[in-house]
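K.L.:
Build the 3D model from these lines:
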Amino acid sequence: QVQLVESGGGLVQPGGSLRLSCAASGFTLDYYAIGWFRQAPGKEREGVSCISSSDGSTYYADSVKGRFTISRDNAKNTVYLQMNKLKPEDTAVYYCATDCTAEMVDSWGQGTQVIVSS
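P.N.:
Residues are numbered from 1 along each chain as shown. So this is what the prediction gives:
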């Protein structure tokens, strides 16, 4: 079965860190750009970060630039999102997908919940 599975979310205090994982099964991530997205309650899904398949170039939303780092480990067939200096406004369900544009994604996984609260 071809799927992406997100994990690593949780409850963290403001200023804390989490590392999210996006693991692929049934296919090889190497050939795909991988995007991380998030959706907060009552808000639309938004793009957070993306990493290309070719040269590893990255994109970050302005709201997370300098705090989040996306990386990929092709040997583990996994893409990571390291999130530092977390803020309450980072609270959302985080999803990964084989595209950098939400409108191009056919289906979404379960996501992983991130809650930033004291």
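K.L.:
can we go C-alpha only for contacts and neighbour counts from here?
P.N.:
OK.
K.L.:
ok, the closest residue to V2 other than its chain neighbours - how many residues close by?
P.N.:
Once flanking residues are discounted, V2 sits nearest to G26: 4.3 Å by C-alpha to C-alpha, 6 or more residues apart in numbering. If you count neighbours by other C-alpha atoms under 10 Å, G26 ends up with 9.
K.L.:
try T78
P.N.:
Per other C-alpha under 10 Å, the neighbour tally for T78 reads 21.
K.L.:
and the longest strand for the protein?
P.N.:
strand 18-25 (DSSP state E).
K.L.:
which of the residues in that strand are buried?
P.N.:
Of the residues in strand 18-25, 18-24 count as buried by neighbour count, 16 or more other C-alpha atoms under 10 Å.
K.L.:
what sits against the most centrally placed residue in the chain?
P.N.:
Residue closest to the mean C-alpha point of the chain, counted by C-alpha atoms, centre = their mean, is W36 at 3.0 Å. For W36, the contact set (C-alpha atoms under 8 Å, 6 or more residues apart in numbering) comprises 47-50, 81, 94-97, 100.
K.L.:
Within the sheet, what are the partner strands of the longest strand of the chain, with directions?
P.N.:
Sheet pairing of strand 18-25 (DSSP bridges) gives strand 3-7 (antiparallel), strand 78-83 (antiparallel).
K.L.:
in the next helix or strand after the first one, what's buried?
P.N.:
I take that to be strand 3-7. Using DSSP states H and E, the helix or strand that follows strand 3-7 in sequence is strand 10-12. Across strand 10-12, burial judged by 16+ other C-alpha under 10 Å covers V12.
K.L.:
show me where this structure has strands.
P.N.:
Applying DSSP E to the chain gives strands spanning 3-7, 10-12, 18-25, 34-39, 46-51, 58-60, 68-73, 78-83, 92-97, 112-116.
K.L.:
For stretch 99-106, list the C-alpha coordinates in PDB.
P.N.:
Output of stretch 99-106 as PDB, limited to C-alpha atoms (Å, rounded to 0.1, in the frame of the first residue of the first chain):
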ATOM      1  CA  ASP A  99       3.900  17.800  -3.500                       C
ATOM      2  CA  CYS A 100       4.700  21.300  -2.400                       C
ATOM      3  CA  THR A 101       1.300  22.700  -3.300                       C
ATOM      4  CA  ALA A 102      -1.800  21.700  -1.300                       C
ATOM      5  CA  GLU A 103      -4.100  22.000  -4.200                       C
ATOM      6  CA  MET A 104      -2.200  19.300  -6.100                       C
ATOM      7  CA  VAL A 105      -2.500  16.700  -3.300                       C
ATOM      8  CA  ASP A 106      -5.100  14.000  -4.000                       C
END
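K.L.:
Perfect, that will be all.
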